[in-house]
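Student: here are the coordinates; sequence isn't available:
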């Protein structure tokens, strides 16, 4: 076996110590790559990943190495348990980092739609809305010269209207008006009051539509809700990741960029000498099943709700099988089961 390469600096100290111990056992046993694969049942590629620090060896591989080198498996599996906990903590921290990156990218994508338009408040704000000469309310976005509504003149408040109806019109011109004219003026005032109320209702409805009716003062650009998701979903995925959610169902995790540093083992179980796992990528929003230490004819199935996918080993010498992915909202939705050619079956908790 070639000289060992330095382990990655970012590797957890406990994982690094465990991997170093595995290297020592291989060196002590004088095992070549081919001999290591033959004696343990795990492929040469898998051992390159385990001994290179790119993947934590499953418990089955650790026990097989102990048997091949005449080492007490109890002490070695104790070290493996500590390393497995450290590996899981590292994966959780990585998942949180990737989630923060996705949130940041989504916010940046949504920010491309710009700030919402500013809408002035109506007369219900206590009279703080700017008014044009003549008392008309200046309302941005309403048709008319200089933003002034041509159909909504300034109207008296309800108490003012009541007082005017009770006391009648004032001033010299009003005093000289005949009685019939006074009656016509009352009808005109009533008509103007109703028109004004209708106009205010139109303005309030317009403000409601522009602000999205959230009642909390938050304004959103019109149309952003319908156009943002497609662009945001595309830009939120890290480089190399080719699917997310339902788009990953039925596809290979490695080909879609969902494995490697983006995956963690959320559940595992032993089925005979085979290790069964549920693999989950929060970045891709998908899970899949895996068996290691397996043999030809062994199969694994992952299920999420009514959706399931199966993978099996069809060639001699292969010891690892994966299922295609299924979309899940979280890892708890997925369950993996294994069926061995020798008869035993089992599932993850």
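Tutor: On my side now, so go ahead. Since this is a predicted model, take the numbers as computed values, not measurements. Residues are numbered from 1 along each chain as shown.
Student: drop to CA atoms for contacts and neighbour counts, all remaining ones
Tutor: Fine.
Student: low-confidence stretches in the stretch 51-200 of the chain?
Tutor: Within the stretch 51-200 of the chain, the segments meeting pLDDT under 70 span 91, 93-95, 97, 112-192, 195-200.
Student: and for residue 296, the neighbour number?
Tutor: Neighbour count of residue 296, defined by other C-alpha atoms under 10 Å: 18.
Student: same question, residue 4
Tutor: So residue 4, with other C-alpha under 10 Å, has 10 neighbours.
Student: kindly report the same for residue 277.
Tutor: For residue 277, using other C-alpha under 10 Å, the count is 28.
Student: now it: closest residue in space, sequence neighbours ignored.
Tutor: Leaving aside its sequence neighbours, residue 277 sits nearest to residue 268 (C-alpha to C-alpha, 6 or more residues apart in numbering; 4.2 Å).
Student: now name the helix or strand holding the one you found.
Tutor: Secondary structure from DSSP states H and E places residue 268 in strand 264-271.
Student: what packs against that strand?
Tutor: Applying 3 or more C-alpha pairs under 8 Å, 6 or more residues apart in numbering; DSSP states H and E, we find strand 264-271 packed against helix 73-111, strand 274-281, strand 345-347.
Student: of these, flag the one that's most buried.
Tutor: Of all these, strand 274-281 has the most neighbours on average by mean count of other C-alpha atoms under 10 Å, namely a mean of 26.
Student: got the angle between the strand holding residue 268 and strand 274-281?
Tutor: 160 degrees (axes from the mean of the first three to the mean of the last three C-alpha atoms, to 10 degrees).
Student: so residue 40 sits against residue 64, correct?
Tutor: Yes - at 5.0 Å, residue 40 counts as touching residue 64 under the criterion of C-alpha atoms under 8 Å.
Student: between the helices and strands packed on strand 264-271, which one is closest to residue 23.
Tutor: Checking those against residue 23 by C-alpha to C-alpha gives helix 73-111 as the closest, at 12.4 Å.
Student: could you say what helices and strands the closest one packs with?
Tutor: Looks like helix 73-111 contacts helix 13-29, helix 59-69, helix 224-235, strand 264-271 (3+ C-alpha pairs under 8 Å, 6+ apart).
Student: residue 87 is nearest to which of the ones you listed?
Tutor: It's helix 13-29; of the helices and strands packed on helix 73-111, that one is closest to residue 87 (C-alpha to C-alpha) at 6.8 Å.
Student: buried residues in the closest one, which are they?
Tutor: By neighbour count with 16 or more other C-alpha atoms under 10 Å, helix 13-29 contains the buried residues 14-16, 18-20, 22-23, 25-26.
Student: picking that back up, in a markdown table: the helices and strands packed on strand 264-271, plus distance to residue 260.
Tutor: Below are these laid out as a markdown table (distance: least, C-alpha to C-alpha, whole Å):
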| stretch | distance to residue 260 |
| --- | --- |
| helix 73-111 | 11 |
| strand 274-281 | 10 |
| strand 345-347 | 24 |
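Student: between these, which gets nearest to residue 56?
Tutor: helix 73-111 (7.3 Å).
Student: ok and that closest one relative to strand 274-281, angle-wise?
Tutor: Using the same axes, to 10 degrees: helix 73-111 against strand 274-281 is 20 degrees.
Student: now do helix 73-111 against helix 13-29, angle only.
Tutor: Calculated by the same axes, to 10 degrees, helix 73-111 forms an angle of 130 degrees with helix 13-29.
Student: ok, the nearest residue to residue 240 once chain neighbours are set aside to residue 242 distance?
Tutor: Excluding the flanking residues, the one nearest residue 240 by C-alpha to C-alpha, 6+ apart is residue 257, at 5.5 Å. Using C-alpha to C-alpha, to the nearest Å, residue 257 is found at 6 Å from residue 242.
Student: which one of the two has more residues nearby?
Tutor: Counted by other C-alpha under 10 Å, residue 257 and residue 242 do not tie: residue 257 has more neighbours, with 19 against 16.
Student: measure that one to residue 308 for me?
Tutor: Taken as C-alpha to C-alpha, the span from residue 257 to residue 308 is 21 Å.
Student: got the buried residues for the one helix or strand residue 336 maps to?
Tutor: With secondary structure defined by DSSP H and E, residue 336 is part of strand 335-339. Residues of strand 335-339 classed as buried: 335-339 (neighbour count, 16+ other C-alpha under 10 Å).
Student: show me what that strand is packed against.
Tutor: Using 3+ C-alpha pairs under 8 Å, 6+ apart: strand 335-339 touches strand 274-281, strand 286-292, strand 299-304, strand 345-347.
Student: can I get those in a markdown table with distance to residue 89 and mean pLDDT?
Tutor: Listed next are the helices and strands packed on strand 335-339 as a markdown table, based on distance: least, C-alpha to C-alpha, whole Å; pLDDT from 0 to 100:
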| stretch | distance to residue 89 | mean pLDDT |
| --- | --- | --- |
| strand 274-281 | 14 | 92 |
| strand 286-292 | 19 | 92 |
| strand 299-304 | 24 | 94 |
| strand 345-347 | 24 | 93 |
